[in-house]
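*Asks:* sequence plus predicted model, see below.
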Amino acid sequence: MKRLFCHLRHDTVGSSAAEFAMVLPLLIIFLIGIIDVGRLMWTWNEAEKATQMGVRFAIVTDPVPSGFAGYDFVGTSSLTQGDVIPTNTYGTMTCTSTASSGNTPGTVSCSCTSGTCPWGTAAASGSSSPFRLIYNRMKMFLPQLKDNNVRVLYKPSGLGFAGDPNGPDASPIVTVQLTGLSFTPALFQFFRGSITLPDFSAALTMEDGQGTTSN
């Protein structure tokens, strides 16, 4: 019996398998972590590209606030025909949407978040509204994007001429933002957790603002 115990004590058969079984969980976690980092960077890049393409589309499509394109700045702040529109003539307008429900698009609303917006806060809704067109373009680059993740802002730029007969009088800085995005790593599936991504933003100066080509 003593000889048997001594033999078992020095027996190393199967030690490699036991060591591998101890290391395997850490190896799996490490590999999944690498994959998750790659997925995170991919999603991050998608969000940045969606934001950039969204603002490029927004500056050549109809403005989201429906009264902006046709508003005549002549008489506003004593402006006359052909005067450059100063930055203090109007304020910043922010347009957002509620979350869509099935095939029903969310409701778009605009608000004047600073200064005054003399053209009003009305915004078109529906599947062919300017906001929806911008959102659809962005969704091509970020498929998981939701309506309520998008914000479109119109800020004074000091560009534009009162009474311009060829399009909107003012040429604001258009900013498209993505908010409320989250990323769920595969490791978090077991804990039902997610990572909140920072806001993404891109801005360009409005070009034609008529949607002649984009709409």
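*Replies:* That came through fine.
*Asks:* for this protein, what spans make up the strands?
*Replies:* 92-97, 108-114, 150-155, 173-178, 182-183, 195-196, 200-205 (DSSP state E).
*Asks:* would you turn those strands into TSV with mean neighbour count?
*Replies:* Where you see a C-beta, it was placed from the backbone N, CA and C, and this is true even at glycine. What follows is the strands of the chain, written out as TSV (neighbours: other CB atoms under 10 Å):
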stretch	mean neighbour count
strand 92-97	22
strand 108-114	17
strand 150-155	23
strand 173-178	22
strand 182-183	14
strand 195-196	11
strand 200-205	17
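*Asks:* got those strands as CSV, with distance to Phe68 and mean pLDDT columns?
*Replies:* Below are the strands of the chain laid out as CSV (distance: least, CB to CB, whole Å; pLDDT from 0 to 100):
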stretch, distance to Phe68, mean pLDDT
strand 92-97, 8, 96
strand 108-114, 9, 93
strand 150-155, 7, 97
strand 173-178, 11, 97
strand 182-183, 32, 88
strand 195-196, 32, 86
strand 200-205, 15, 96
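*Asks:* show me the one of these that comes nearest Asn136.
*Replies:* strand 150-155 (10.6 Å; CB to CB).
*Asks:* ok so, going back, mind putting the strands of the chain into JSON lines with distance to Asp164?
*Replies:* What follows is the strands of the chain, written out as JSON lines (distance: least, CB to CB, whole Å):
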{"stretch": "strand 92-97", "distance to Asp164": "19"}
{"stretch": "strand 108-114", "distance to Asp164": "22"}
{"stretch": "strand 150-155", "distance to Asp164": "16"}
{"stretch": "strand 173-178", "distance to Asp164": "17"}
{"stretch": "strand 182-183", "distance to Asp164": "42"}
{"stretch": "strand 195-196", "distance to Asp164": "42"}
{"stretch": "strand 200-205", "distance to Asp164": "15"}
